[in-house]
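S.K.: Here's a sequence, model it:
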Amino acid sequence: MMLSSEVYDFVNAQGLSDAQACSEVTVKGMMYRRGLVLPIEAYHSRKTVIFGEILFVLLCPSVQVVVNVRPSTYSFSYGGYVLLDKTELKCLPLSSFADYYPLGIYKLDCDSIVLLRHHLLDYED
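M.R.: Below is the predicted model of the structure:
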């Protein structure tokens, strides 16, 4: 899998230069692939969830996911979370996400929407 120079530099800075990068992987029956999102943190009192949009998965001794951090805000008209643009990269192990279930992104009008399938645990504000 070809990595952009920015992402390649990011992976090297994390000390994971020997890891194998792939666009999708199945772990314990769940498929994680590029373009899906995983919730990183949930703040229900503020009606926000911080998602990580999967860019690629690193296979090293443990599975690491490189994500683009995407904050969101709840939209009552859509009944889901509208993703906001942000270009912060993070490399996180699967166990650090608020939920293991990957979610799709839906395009409605000009917005990117994520619909939760079940309730997430709330983080302290």
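
S.K.: pLDDT below threshold where in the chain?
M.R.: Low-confidence segments of the chain, defined by pLDDT under 70: 1-8, 10-12, 14-17, 44-46, 118-125.

S.K.: Now do the helices in it.
M.R.: Listed from the start of the chain, the chain has helices (DSSP state H) covering 5-13.

S.K.: so what's the most centrally placed residue in it closest to, chain neighbours aside?
M.R.: The residue lying closest to the centre of the chain (C-alpha atoms, centre = their mean) is Gly52, at 2.1 Å. Counting by C-beta to C-beta, 6 or more residues apart in numbering, Val67 is the residue found nearest to Gly52 once chain neighbours are left out, at 3.0 Å. For the C-beta atoms, the positions are set from N, CA and C on the backbone; glycine is no exception.

S.K.: how near is the residue of the chain positioned farthest from its centre to Gly104?
M.R.: For the chain, the residue at maximal distance from the C-alpha centroid (C-alpha atoms, centre = their mean) is Ser77, at 23.5 Å. Using C-beta to C-beta, to the nearest Å, one obtains 19 Å as the distance from Ser77 to Gly104.
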